[in-house]
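Undergrad: Got a predicted model here, sequence first, then my questions.
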Amino acid sequence: MVVASKLLRKIKSAIIILKFLVENQSRFSKFLLASGLSTSAAFILYRLCLKYTRYTKNFPKCEPVTKKKVNPALNKQFFRELTYLCKIMFPNLFSKQSFLLFIHTLTLICRTFLSIYVAKLEGLLVRNIVQKNFLMFAKKLIQWLFIAIPATTCNSLIRYLESKLDLELKTQLVKRSHRFYFDKRVYYKIALKQSDECQVDQNLTEDIDKLTNLFVHLYSSLTKPLLDIILITATLIGLAKSKNVNYVVPSLMALVVIVLTGMLIRKISPKFGKMAADVAKQKGYLRFLYGRIQTNSEEIAFYSGEKTESNLVNDNFKLLKKKLELVHNNKFWYIIVEQFLLKYVWSAAGLSMISMPLLLSDKYSPKNQIKVEDEAVEISQRTEEFTMAKNLLSSGADAVERIMTSYKELTELTGFTRRVYEMFKLFENESQNSDIPIEIDSVMEPRIKLAPEDDDQTKSGVVYESDNLKSIIVENIRVETPNGEVIVPSLSLKIDHGMNLLITGPNGCGKSSLFRILSGLWTLKSGIIHRPKLKDMFYVPQRPYLAIGTLRDQIIYPDRVEDMVQKGIRDTDLMNIMEIVNLSNVVTREGGLDAISDWKDVLSGGEKQRLGLSRIFYHKPKFAFLDECTSAISIDVEGKIYHTAINDYKITLLTIAHRYTLWQYHNFILQFDGVGNWKFEELNNNLDNRLNLKQEKDKLEKILLTVPSSKERLEELCNILGESSIALE
């Protein structure tokens, strides 16, 4: 209470001093004193807000923690990134997007001139009201209603052109991103490094959408206000000159107020750009978690992992909630300061600017004697000028306010610009790092090197491909994963057409990795590969990909119906293929080849694998890579498919399999031992011996698996009988 009473006494003393200072002062001195007090109050408010921002600099980071990056901000890097994206959005000066932007700019200019004209017209309306001139008032009112038609049309056209331009810019970005994304299997390389730092689905949808929305909206929010400020300022100066009124002091006052408030708002503004980018990243990671649950829903259900997945999702949602709460809290106090400065401080400054010519000019001083007959005209003229100046100044203040408030959106634009720019750079880098096979016209017969040599081509990794080549030749290649793990240091072999190869070995020994390198999915780090064109090689995984579309689309994938017709293949040919893989009943059951369904849920595991194998009979490649793709197929159907592919379609099969029933369909075998060694030999000469050895191995494994349980039971019996056993000694 004592402190409060002391503070109250100080406030009363300050009011008395201010009252003493104000009394007996001229109008101009009072005005200067009020300006000084307002400036002091703004400075104090600035210091308080600056002190508050210190507590809002720590923004929660996205989980998991990654390497530190430069936060997006209004700097040279942002303008470089935006320039890069603008070159994509506006391909050239005469593009459709540039034309829409030009029309949009013209519409904004027209709207500015209409605003000035309407302000002058409203001044004339007020003048006629004061003069009680009914006819002129009615004439100007009708004129005002007529001008409303182009004004409303112009407003609607601005919104229409904004949405149209937004759609066109979005289309340009999406087209360019799709061209990179689906070129040179960039989508696969990005999927290998998929993480919360690489949220392509978020970038391609939400980030591009928000980027173009903010860009177009900011263009309108900045271009029209700038035009308004220029034209309105010129109009007001012209009005002041026509009345011989000093316009320098009001102009300087407006400039000082705008600069000071602008500096204050920029200084206290939170880092909305970083916040927007961080929130978008967290949303993308949460979407990634939901998609991961959808993809692995069956496995999670088998393990009853709902609680673990729920905790993971809830924790990340709580983190997103904290980020959004911090954004809302920062916006709350920021909007308070912004509205106080831009509405009330500017309104006070605007009223002072309008009143200064009237209050300080000798022309309008009551000391001057004015004739009675001229008093009404003087009052109406003064009212007209005040109304027109007030409307113009209000429009100018609104324009400056829109520019100031656009700063927050501009900082948000920096965040989305950074994310979309990084996405395009990632696409470009992955596209440039892709291996481009060297096409050769003639068949090259390279020498198979059994040991690596110091050769530049061998060290860097080179791939040759040709339509005439009927062999896959591997020279001293290093089987290495994308993350740099070496599985096989050196591998050399030659697979001619007709050499059906069986590939065996423990898990993680490099079987599937070899297929990925031969198909060009993984970069060849070392060695030389000679292969046919990719259209002559076809890969069938253990879990075949089922596309969206008809049953026909599943058989001919990745071809389309137009490609099928161009190749001269008919539905009867597809039915023959379905007969080979024993899926004729599926065609009947689902309602024909035109049936559309969610095939990954409709078909069983064996039906999916057989449908995947049907594609090799449609595409008829020279070589087919079969990666354990018959594990869910019965032995008899499996044998029929292999026999037809080898004997009727003359397809050379490279098979990864553990079933020894498939050995009879292969004449060569490649064995990996799991520690980097390998053995390549002919299988036909000792096939029977291998089958016998395989059966003996299986029997011994079954016997040895029962040894621990038999030993425990023997110990239990010895304890019960009180005897010993030779087997336990």
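TA: Nice, I can see it.
Undergrad: Which parts of the stretch 451-600 of the chain are helices?
TA: Ranges of helices within the stretch 451-600 of the chain are 456-460, 511-518, 551-556, 561-566, 571-580, 584-590, 599-602, based on DSSP state H, counting those that start in this stretch.
Undergrad: what's the third one in contact with?
TA: Read it as helix 551-556. 546-547, 560-561, 563-564, 569, 571, 574, 577-578, 586-587, 590, 592-597, 599, 611, 614-615, 618 (C-beta atoms under 8 Å, 6 or more residues apart in numbering). Bear in mind the C-beta positions are built from the backbone N, C-alpha and C, glycine included.
Undergrad: residue ranges for the strands of the stretch 451-600 of the chain, please.
TA: For the stretch 451-600 of the chain, the strands defined by DSSP state E, counting those that start in this stretch cover 462-466, 471-480, 486-496, 501-504, 528-532, 537-540.
Undergrad: Make a markdown table from these and add mean pLDDT to it.
TA: Below are the strands of the stretch 451-600 of the chain laid out as a markdown table (pLDDT from 0 to 100):
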| stretch | mean pLDDT |
| --- | --- |
| strand 462-466 | 88 |
| strand 471-480 | 92 |
| strand 486-496 | 92 |
| strand 501-504 | 92 |
| strand 528-532 | 92 |
| strand 537-540 | 92 |
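Undergrad: what about residue 262, distance to residue 78?
TA: 19 Å (C-beta to C-beta, to the nearest Å).
Undergrad: likewise residue 576?
TA: 61 Å.
Undergrad: quick one: which of the two has more around it?
TA: residue 78 (20 against 12; other C-beta atoms under 10 Å).
Undergrad: can you tell me how far the more buried one sits from residue 546?
TA: Applying C-beta to C-beta to residue 78 and residue 546 gives a distance of 44 Å.
Undergrad: likewise residue 94?
TA: 45 Å.
Undergrad: Do I have it right that residue 546 meets residue 602?
TA: No: applying C-beta atoms under 8 Å, one finds residue 546 not in contact with residue 602, separated by 9.2 Å.
Undergrad: Looking at those two, which has the bigger crowd around it?
TA: Regarding residue 546 and residue 602, a neighbour count based on other C-beta under 10 Å identifies residue 546 as having more, with 19 against 15.
Undergrad: Skipping adjacent residues, who's closest to the more buried one in space?
TA: In space, and not counting its chain neighbours, residue 546 is closest to residue 599: 4.2 Å by C-beta to C-beta, 6 or more residues apart in numbering.
Undergrad: Return the set of buried residues in the helix or strand residue 81 falls within.
TA: Per DSSP states H and E: residue 81 is located in helix 76-89. Using 16 or more other C-beta atoms under 10 Å as the test for burial, helix 76-89 gives 78, 81-82, 85, 88-89.
Undergrad: Give the helix, strand or coil label for residue 670.
TA: The three-state label given to residue 670 by DSSP: H, G, I helix; E, B strand; the rest coil is strand.
Undergrad: if we can go back for a sec, CSV for the helices of the stretch 451-600 of the chain, including distance to residue 148?
TA: Listed next are the helices of the stretch 451-600 of the chain as CSV, based on distance: least, C-beta to C-beta, whole Å:
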stretch, distance to residue 148
helix 456-460, 72
helix 511-518, 68
helix 551-556, 56
helix 561-566, 54
helix 571-580, 64
helix 584-590, 62
helix 599-602, 59
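Undergrad: Which of the ones you listed sits closest to residue 333?
TA: Closest approach to residue 333 among the helices of the stretch 451-600 of the chain is made by helix 599-602 (51.1 Å; C-beta to C-beta).
Undergrad: What is the closest one packed up against?
TA: helix 605-619 (3 or more C-beta pairs under 8 Å, 6 or more residues apart in numbering; DSSP states H and E).
Undergrad: could you give the angle of the helix or strand that the helix it packs on is followed by to strand 528-532?
TA: Once the chain leaves helix 605-619, the next helix or strand it forms, by DSSP H and E, is strand 623-627. With axes from the mean of the first three to the mean of the last three C-alpha atoms, to 10 degrees defining the directions, strand 623-627 sits at 110 degrees from strand 528-532.
Undergrad: And strand 623-627, what does it pack against?
TA: Looks like strand 623-627 contacts helix 511-518, strand 537-540, strand 652-656 (3+ C-beta pairs under 8 Å, 6+ apart).
Undergrad: Can I get those in JSON lines including distance to residue 674 and mean neighbour count?
TA: What follows is the helices and strands packed on strand 623-627, written out as JSON lines (distance: least, C-beta to C-beta, whole Å; neighbours: other C-beta atoms under 10 Å):
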{"stretch": "helix 511-518", "distance to residue 674": "10", "mean neighbour count": "22"}
{"stretch": "strand 537-540", "distance to residue 674": "23", "mean neighbour count": "21"}
{"stretch": "strand 652-656", "distance to residue 674": "14", "mean neighbour count": "22"}
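Undergrad: Give me the residue ranges of the stretch 301-450 of the chain where confidence is low.
TA: 302-303, 342-343, 346-405, 434-450 (pLDDT under 70).
Undergrad: can you redo the helices and strands packed on strand 623-627 as CSV with distance to residue 415?
TA: Shown next, in CSV, are the helices and strands packed on strand 623-627 (distance: least, C-beta to C-beta, whole Å):
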stretch, distance to residue 415
helix 511-518, 36
strand 537-540, 40
strand 652-656, 46
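Undergrad: Let me know which of the ones you listed is the nearest to residue 184.
TA: Once these are compared by C-beta to C-beta, helix 511-518 is nearest, at 14.9 Å.
Undergrad: what's the average pLDDT for the closest one?
TA: Mean pLDDT, helix 511-518: 90.
Undergrad: Contacts for it next, please.
TA: Contacts of helix 511-518 (C-beta under 8 Å, 6+ apart): 472, 474, 477, 479, 481, 487-488, 491, 503-505, 522, 524, 529, 531, 537, 539, 625, 627, 654, 656, 672.
Undergrad: swap the cut-off to 7 Å and go again
TA: 472, 477, 479, 481, 487, 503, 505, 522, 524, 529, 531, 539, 625, 627, 656, 672 (C-beta atoms under 7 Å, 6 or more residues apart in numbering).
Undergrad: Then stretch 76-88?
TA: 72, 172-173, 176, 414, 417-418, 420-421.
Undergrad: Select, from the residues you listed, the two members most distant in space.
TA: It's 72 and 172 that sit farthest apart of these, by C-beta to C-beta, at 21.8 Å.
Undergrad: how long is stretch 647-661 from one end to the other?
TA: 17 Å (C-alpha to C-alpha, to the nearest Å).
Undergrad: mean confidence for it?
TA: 89.
Undergrad: Distance check, the residue nearest to residue 546 against residue 202.
TA: 27 Å.
Undergrad: give me the number of residues near residue 135?
TA: 8.
Undergrad: Also residue 681?
TA: Applying other C-beta under 10 Å, I find that residue 681 has 10 neighbouring residues.
Undergrad: Now do the same contact list for it.
TA: residue 669.
Undergrad: Alright, I will stop here.
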